[in-house]
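Peer 1: Sequence first, predicted coordinates after that:
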Amino acid sequence: MAEIRKRAANIPDDLFVVLIGDMITEEALPTYMNMLNTLEGTKDMSGADDHPWAVWTRKWTAEENRHGDLMNKYLWCTGKVNMKAVETTIQKLIGSGMNPKTDNNPYLGFVYTSFQERATKISHGNTARLAKEAGDEDFAKMCGIIAADEGRHEIAYQRIIDEVIKRDPNGAVLAYADMMEKQITMPAHMMCDGQHKARTGRDLFTDFAAVAERSGVYTGHDYADIMDHLNKRWDIANITGLNGEAAAAQEYLMKQPARIRKLVAFAEKKAAKKPAANETFSWIYDRPVKIN
């Protein structure tokens, strides 16, 4: 315990905020399993079905469960985190749920998970890099192992869409475009600690995301890069024989990464003109962290 706390003493508060937000996201696992079981045709009807969809969902959930457990225990050991505020946020987030806008449609659901697992891998991977720079090798190793798990999950979901494209290219392209038009909503977008908004007038998830953006853990550029990766991974540009609606969706998908990068660059220039701003987080005993 003394060794953990000695290493954690050098971890900056903005990195703690990012790790805590990521951990809270992982801990809301019941919500994500429930989301997978709302998808028509792939759900686990009894909770113990033996068909491949059900078996995958439960085993995926079991692997994901370890992520939140590990990060939670590490944060508790550091002594720098207000675990009551953290656990309150977890409780409220699970109670609030999430709306990924997948409409009970497995095509939409597996496009969402293909994107989201890669986003999570990137976030944990960048957190690992920053932890190593701060001198905590164990913290970095923890996040790196979790990122590797997310990478395997990413590949599994993307392979599902590979098969959808083979069997129903029109439906696959339309589903992918539908999700990107709606924009991928992060799983913890409804997080609340019961005091942040009342105290600051600001949304807790928005401020957490701002810290992640400013620290380079997960940015708008990453969002564009993920879409670019998926376009190449699924070879969207070279899918042939599409009907008119799907062909228009194909064209839209190929243009989106460049468009997103332009929007991100514009937003960064606008943000650079704003005065520096700090915000306090209950998770770290109301210590202030830069959000801009």
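Peer 2: Alright, I've got the coordinates.
Peer 1: hang on, Val289 in a helix?
Peer 2: No - under DSSP: H, G, I helix; E, B strand; the rest coil, Val289 falls outside any helix and is assigned strand.
Peer 1: ok, now how distant is it from Asp14?
Peer 2: The gap separating Val289 from Asp14 is 5 Å, by CB to CB, to the nearest Å. Every C-beta, even on glycine, is put in place using the N, C-alpha and C of the backbone.
Peer 1: more crowded one of these two?
Peer 2: Val289 (23 against 19; other CB atoms under 10 Å).
Peer 1: ok, what's across the strand from the more buried one?
Peer 2: Here Val289 sits in beta bridges with Glu279, going by DSSP bridges.
Peer 1: what about the residue of the chain most remote from its centre, which SS state?
Peer 2: Residue farthest from the centre of the chain, counting by CA atoms, centre = their mean, is Gly241 at 33.5 Å. What three-state DSSP gives for Gly241 is coil.
Peer 1: what's the closest non-adjacent residue to it?
Peer 2: Pro169 (6.8 Å; CB to CB, 6 or more residues apart in numbering).
Peer 1: gap between that neighbour and His51?
Peer 2: For Pro169, the distance to His51 - CB to CB - is 25 Å.
Peer 1: Show me which of those two is the more surrounded one.
Peer 2: Neighbours per residue, other CB under 10 Å: of Pro169 and His51, the larger number sits with Pro169, 19 against 11.
Peer 1: Does Phe205 touch Met186 like I think?
Peer 2: Yes - in this structure, Phe205 is within contact of Met186 by CB atoms under 8 Å, at 7.4 Å.
Peer 1: what residues do Val289 and Asp14 have in common as contacts?
Peer 2: Jointly contacting Val289 and Asp14 under the rule CB atoms under 8 Å, 6 or more residues apart in numbering are Val211.
Peer 1: For the stretch 101-250 of the chain, which segments count as helices?
Peer 2: Using DSSP state H, counting those that start in this stretch, the helices of the stretch 101-250 of the chain run over 106-133, 137-167, 169-182, 196-200, 204-215, 220-233, 244-272.
Peer 1: I'd like to know which of those is closest to Glu63.
Peer 2: helix 137-167 (6.0 Å; CB to CB).
Peer 1: Name the residues that touch stretch 101-113?
Peer 2: Contact partners of stretch 101-113, identified using CB under 8 Å, 6+ apart, comprise 35-36, 38-42, 100, 153, 157, 160-161, 164, 171-172, 175-176, 178-179, 182, 184-185.
Peer 1: rerun that using 6 Å as the cut-off
Peer 2: For stretch 101-113, the external contacting residues (CB atoms under 6 Å, 6 or more residues apart in numbering) are 38-42, 100, 157, 160-161, 171, 175-176, 179, 182.
Peer 1: cool, and stretch 156-171?
Peer 2: Residues contacting stretch 156-171 (CB under 6 Å, 6+ apart): Tyr107, Phe110, Thr113, Ser114, Glu117, Ala172, Arg233, Trp234, Ile239, Leu242, Asn243, Ala246.
Peer 1: Equivalent analysis for stretch 243-254, please.
Peer 2: Asn170, Val173, Leu174, Ala177, Ile236, Ala237, Leu242.
Peer 1: what's the burial count for the residue nearest to the fifth one when sequence neighbours are not counted?
Peer 2: Counting by CB to CB, 6+ apart, Leu253 is the residue found nearest to Ile236 once chain neighbours are left out, at 5.3 Å. For Leu253, the count of nearby residues is 21 (other CB under 10 Å).
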